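> predicted model and sequence below, questions to follow.
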Amino acid sequence: MELFFGLVLLVLAAGMVVLFAMVGELASRVGDPASRSRSAEVLPLEQARLGHVPADWPDRLAPLGSADRAVLLVLSTVCNTCRQLAPEVAALAGTGVDGGPLLGVVITCGNADSGAEFVATYGLDRLPYHVDVAGEWVQNEFDIHTSPAAVLFAAGRARAALLFDDVAALLARSVQILNERRSEEVVR
Amino acid sequence: MSSAPHQRAEGADDQAGGSAGDDGVQHRKTGRRRIFAGIGASGLAAAVAVFGRSGPAAAAYAYACCSLEFHPTMSVSACKSGSHYVWHCWHAGYVRCQCCEAKDSYGHTVASAYSCQ
């Protein structure tokens, strides 16, 4: 009888362990609902201040101001989609094709510590980056207070601003827009 | 009369057999305990291996497209009435949300809020 009860308890305990392991594995496979609903759309950000040349570039972002073409990604520590995209953004470091736009990242945050932690966590220091406390620089220069967003520059001037939730789709659209702008300038 | 020695021998044998039997039962019990102890230890090790792994510490709570440091306990308007950091996010192509972090005098986040439209 003792042996029987012992075996029953053992089977129940093993079943509980397996059940929790299955639930955990299932949750990790299903993932976050927000990530499943990513649309890969790239939408224009209507409110942004286009045609603007920033009065001051943060030190680490200065190369974008002098680049022929540049894309500045705007991420935020309070943006869940930004956290999902950040590893993909970091992976872009060193992968640029000659003639492609220069990439940079600005991270808006409530305080410098959370911004620095975001950069360190996702390896964004491999790109030109700036920690923008309270998003002041991005709001003052471009009137942007939404993420994830991107500002496209041609010769240091903001030409377009986009909302995105897929990095590959953003880059494809960015190259298309900047090439169109270049063609327009050539025609003129 | 001749049976008495046999009886004594048998009694002696019974005692010897009884003590041998008790030892056998004791050995079996000890063996079972060791088996169950081994199975339990193995199960514990397996549970530690399965659940003992931990990913990076996630000090953020996901609400819609917001990643908040605290569970939201206030309205966005209350959050914005004091020192705060507020930013917008969007997801699913059309949902726009405000994510607000209330800050203390030292700039540390003390509460969070969000609202979506």
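Yep, it's here. Source: prediction; values computed, not measured. Residues are numbered from 1 along each chain as shown, chains lettered A, B, ... in the order given.
> in terms of residue numbering, what are the domains of chain B?
B:1-53, B:61-116 (automatic domain parsing).
> what about those, which gets the closest to A:Ala40?
With CB to CB as the criterion, A:Ala40 lies closest to domain B:61-116 of these, at 9.0 Å. Placement of C-beta: from N, CA and C, glycine included.
> the residue of chain B found nearest chain A: helix or strand, and which one exactly?
Taking CB to the nearest CB, chain A has its nearest neighbour within chain B at B:Tyr85, 3.4 Å off. Following DSSP states H and E, one finds B:Tyr85 within strand B:84-91.
> what are the pairing partners of that strand, and which direction each?
With DSSP bridges as the test, strand B:84-91 is paired with strand A:146-147 (parallel), strand B:95-103 (antiparallel).
> the bottom helix or strand of chain A by mean pLDDT?
Lowest on mean pLDDT, DSSP states H and E among the helices and strands of chain A sits helix A:33-36, with a mean of 48.
> pLDDT of whichever strand or helix holds A:Gly65, averaged?
Using DSSP H and E, A:Gly65 sits in helix A:62-66. For helix A:62-66, the mean pLDDT works out to 92.
> next one: stretch A:140-147
For stretch A:140-147, the mean per-residue pLDDT is 95.
> what about that stretch, how long is it end to end?
Length of stretch A:140-147, first residue to last, CA to CA, to the nearest Å: 15 Å.
> gap between it and the chain center?
Offset of stretch A:140-147 from its chain centre (CA atoms, centre = their mean, to the nearest Å): 15 Å.
> cool, stretch A:161-174 as well?
With CA atoms, centre = their mean, you get 10 Å for stretch A:161-174.
> same thing with stretch A:9-28?
Offset of stretch A:9-28 from its chain centre (CA atoms, centre = their mean): 36 Å.
> which parts of chain A belong to which domain?
By the assignment in automatic domain parsing, chain A contains the domains A:2-30, A:38-187.
> would you single out the least confident of those domains?
Across the domains of chain A, the lowest-scoring stretch is domain A:2-30, with a mean of 77.
> now stretch A:2-10: buried residues?
For stretch A:2-10, the buried set under the neighbour-count rule, 16 or more other CB atoms under 10 Å in any protein chain shown, comprises A:Gly6.
> contacting residues around that stretch?
Stretch A:2-10 is contacted from outside by B:Arg32, B:Phe36, B:Ile39, B:Gly40, B:Gly43, using CB atoms under 8 Å, 6 or more residues apart in numbering or on different chains.
> kindly reformat those as CSV containing secondary structure and distance to chain A.
CSV is the format used below for these (DSSP: H, G, I helix; E, B strand; the rest coil; distance: CB to the nearest CB, whole Å):
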residue, secondary structure, distance to chain A
B:Arg32, helix, 7
B:Phe36, helix, 6
B:Ile39, helix, 6
B:Gly40, helix, 8
B:Gly43, helix, 6
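> including pLDDT and neighbour count, could those residues go into CSV?
Below are the contacts of stretch A:2-10 laid out as CSV (pLDDT from 0 to 100; neighbours: other CB atoms under 10 Å in any protein chain shown):
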residue, pLDDT, neighbour count
B:Arg32, 78, 13
B:Phe36, 76, 16
B:Ile39, 78, 15
B:Gly40, 79, 14
B:Gly43, 75, 14
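> chain B against chain A: which residues are in contact?
For chain B, the contact set with chain A under CB under 8 Å from any CB of the partner chain comprises B:32, B:36, B:39-40, B:43, B:46-47, B:50-51, B:56, B:60, B:62, B:64-69, B:84-93, B:96, B:99-101, B:103, B:107-109.
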